[in-house]
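1. Next come a sequence and a model predicted from it.
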Amino acid sequence: MNFLRGCVAMLLLVGLSGTASGAAPVAEVVATQVVAADSLRTHTFSLLARGQVTEAIDYWVLTTGKEAPAWLLAARASFDASKQVAGACQGVAQSLHTAFTQLGGKPEFVQLSTRSQKDFGYIMFKLVNGKDVNVSHTGYHVLVRMQGRAYDAYTGAAGMPWAEYMSRLGARTEITEKVVETVARVP
């Protein structure tokens, strides 16, 4: 009788644990998957924020065994030289904001504008090589700021400290900055 009670007790213990012998409990499996997803996003975010976009994509592909998501590929395209033209800032900012958000970051859109957009709409930016480029003909430019760094097509993938970015801007009138929720489409 004691043997039978022991067998019933063992059966109940195994049944209540929710696992077959040798298998990991469901809660542990789920926790492991969540931690793996978090570490994937955390490491990819870290690579992207440091400007190692290709490495971030490669890490994602190798870790997941799947193609990189479109939002991560769009982040890479944001730094193409073809995006360094006045008027491309909205798409670039949207792509970068989406990528950082998908990876758990807290980016913000920052709108830069001149006081008199019709009369003095040009905003210039001094590149690292010393060349001045026109970032806006309309007195409007938008970029992403995250963790004290500016990110747009002109900063390169590593971004640049916010104060340095602002010091490289120039216009005939004062440039104001405003954090906005969405990117406005300006013709």
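-> Yes, it's here. Please read all numbers here as calculations on a predicted model, not as lab measurements.
2. Going by C-alpha atoms from here, please, whenever you check contacts or count neighbours.
-> Will do.
3. Contacts only, for the closest residue in space to Gly159 that isn't next to it in sequence.
-> Distances taken as CA to CA, 6 or more residues apart in numbering put Tyr151 closest to Gly159, at 4.6 Å, once the chain neighbours are dropped. Contacts were defined as CA atoms under 8 Å, 6 or more residues apart in numbering; by that measure Tyr151 touches 93, 96, 143-145, 157-160.
4. what residue ranges in this structure score low on pLDDT?
-> Residues of the chain meeting the criterion pLDDT under 70: 1-37, 116-120, 185-187.
5. Next one: the one residue sitting closest to the centre of the chain relative to Val128, how far apart?
-> By CA atoms, centre = their mean, the chain has its centre lying nearest to Phe100, at 1.4 Å. As for Phe100, its distance to Val128 is 24 Å (criterion: CA to CA, to the nearest Å).
6. What segments of the chain are helices?
-> For the chain, the helices defined by DSSP state H cover 2-17, 26-49, 53-64, 70-77, 89-102, 162-168.
7. Next, the buried residues of the last one.
-> What it means is helix 162-168. For helix 162-168, the neighbour count (16 or more other CA atoms under 10 Å) marks Tyr165 as buried.
8. for the third one, same thing?
-> Neighbour counts over helix 53-64 (16+ other CA under 10 Å) mark 53, 56-57, 59-60 as buried.
9. Can you tell me which of those residues comes closest to Asp38?
-> The shortest gap between Asp38 and any of the buried residues of helix 53-64 belongs to Trp60, at 12.2 Å (CA to CA).
10. how near is the residue nearest to the closest one when sequence neighbours are not counted to Ile57?
-> Residue nearest to Trp60 in three dimensions, not counting chain neighbours: Ala68, with 6.2 Å by CA to CA, 6+ apart. Ala68 sits 6 Å away from Ile57, going by CA to CA.
11. Just give me the neighbour total for Ala157.
-> 22 (other CA atoms under 10 Å).
12. My guess is it contacts Gly51. True?
-> Yes. Using CA atoms under 8 Å, Ala157 is in contact with Gly51, at 4.2 Å.
13. Tell me who's in contact with the closest residue to Tyr122 other than its chain neighbours.
-> Using CA to CA, 6+ apart and skipping the chain neighbours, the partner closest in space to Tyr122 is His137 (4.5 Å). By CA under 8 Å, 6+ apart, the contact set of His137 is 86-87, 121-123.
14. can you redo these as TSV with distance to Asp80 and neighbour count?
-> Below are those laid out as TSV (distance: CA to CA, whole Å; neighbours: other CA atoms under 10 Å):
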residue	distance to Asp80	neighbour count
Ala86	14	18
Gly87	14	20
Gly121	24	19
Tyr122	22	23
Ile123	20	25
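15. got CSV for the residues you listed, with distance to Gln111 too?
-> Listed next are the contacts of His137 as CSV, based on distance: CA to CA, whole Å:
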residue, distance to Gln111
Ala86, 14
Gly87, 13
Gly121, 14
Tyr122, 14
Ile123, 12
